[in-house]
Every structure is written in structure tokens, then in C-alpha cells.
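Visitor: Coordinates for the following, if possible.
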Amino acid sequence: MKKQRGFSLIELLIVVAIILIIAAIAIPNLLRSKIAANESSAVSSLRTINTAEVTYSSSWGSGYAPAIDNLGGAIPCLAGTAAAACIIDSGLSVAPYTKSGYSFAAVANTPVGGVNNGFETNATPTVVDVTGKRAFCSDQTGVLRANTTGVAIGTGAGTCATVLTLLVGN
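Guide: You can find the predicted model right below:
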């Protein structure tokens, strides 16, 4: 009689069990890494929007941009105007204003004599605890702040300044 070669059912089940245990350990770490990457991208995008607001203010003489739409423009954005300044990428400045699992908003405020003297920007996770855990905001001071609930912060004048958690580093 010829002896058959191959793996027994028990050996195959043991290998599958080991693979499942490794996956159970690795998947949560992968999800946490993705959330951290999305949050870093959101912070970077807010810094880009803040820089664009300052550039807009110095370029067009009407203070800060009335809305995030005014900072970019439709593709191809060849010549900047006050309505479409071509300062930031259309990925952030054309609806739906989302990038890396975060939704963005930027609105000017505090108008004095036709000049917007302030602005509020925010980044909110599209799905809390899946795409991000924290919501971020900034204003004309350039200070980035975050809340740990992931709830939208808002764009009203002075709203960001009321957020207690300061974002340091990241």
C-alpha cells in the first residue's frame, strides 16, 4: 500500500487558528494607525488653509476669504481672482470639502468696513471613531485646537477659541 502525503485536518486547523490570532492582534493596530494618519492629514490641511487665508488677505485687500471656495478654484485654476484665488488645491476648496476621512469648513467673520478681520476653520471626522477621533479648528491667531469627542466645532466668530484642548505637535 502506498502512503499518502499531505497535511492532516488537525494540522490545517492549527495553522488557520494561528493566522486568526495574528489577525486579531494586528487589525486593531492597523485601524489606529489609519486614524492617526487621517488626523495628521487633517492638521496639515488646516495649516494649509490658515496659510491660504493669510495669503488671500494680503493679496486681495478684502480681509480673509468669505468661504473656503474662494481660496481655490475649479480645475484648471489658471488665474486667481477674489472669487477663486487658486491658492489651495481644489480637493479642499471644491464641494464636498473632504480629504482623508475629514470634512473641512472655513468661513470669514468680524467684518468691519467691508473687510473680514477674522476667520474660523475646522476639520471634522466624517465618521467618528472610524475615520478620526478628534475634531480640529483654528482661527486667525493660527493656534490649532482639538476636541476629543469628534463633534463638529463650528465656524462662528470666536467658536474655536472656546475649545479648551490645545493641539501640541502632531
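
Visitor: Could I have the CA atoms of the lowest-mean-pLDDT helix or strand in the chain written out in CSV?
Guide: For the chain, using mean pLDDT, DSSP states H and E, the weakest element among its helices and strands is helix 90-93, scoring a mean of 84. Provided in CSV are the C-alpha atoms of helix 90-93 (Å, rounded to 0.1, in the frame of the first residue of the first chain):
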residue,chain,number,x,y,z
SER,A,90,-9.4,72.0,-5.5
GLY,A,91,-9.6,68.9,-3.3
LEU,A,92,-10.1,71.1,-0.3
SER,A,93,-11.8,74.1,-2.0
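
Visitor: on contacts alone, who are the packing partners of that helix?
Guide: Judged by 3 or more Cβ pairs under 8 Å, 6 or more residues apart in numbering; DSSP states H and E, the packing partners of helix 90-93 are helix 9-60. Quick note: C-beta positions are derived from backbone N, CA and C, even for glycine.

Visitor: 6 Å - rerun?
Guide: Contact partners of helix 90-93 among helices and strands, from 3 or more Cβ pairs under 6 Å, 6 or more residues apart in numbering; DSSP states H and E: none.

Visitor: what's next to the helix or strand following it, contact-wise?
Guide: Using DSSP states H and E, the next helix or strand after helix 90-93 towards the C-terminus is strand 98-99. Outside strand 98-99, the residues within contact range by Cβ atoms under 6 Å, 6 or more residues apart in numbering are 45, 91.

Visitor: After strand 98-99, which helix or strand is next? Please name it.
Guide: strand 102-112.

Visitor: Which elements pack onto that following strand?
Guide: strand 115-125.

Visitor: After the strand it packs on, which helix or strand is next?
Guide: Using DSSP H and E, the helix or strand that follows strand 115-125 in sequence is strand 135-139.

Visitor: just to revisit the earlier point, got the buried residues for the least confident helix or strand of the chain?
Guide: 92-93 (16 or more other Cβ atoms under 10 Å).

Visitor: Quick one: distance of it to the chain centre.
Guide: Remark: helix 90-93 is offset 12 Å from the chain centroid, using Cα atoms, centre = their mean, to the nearest Å.
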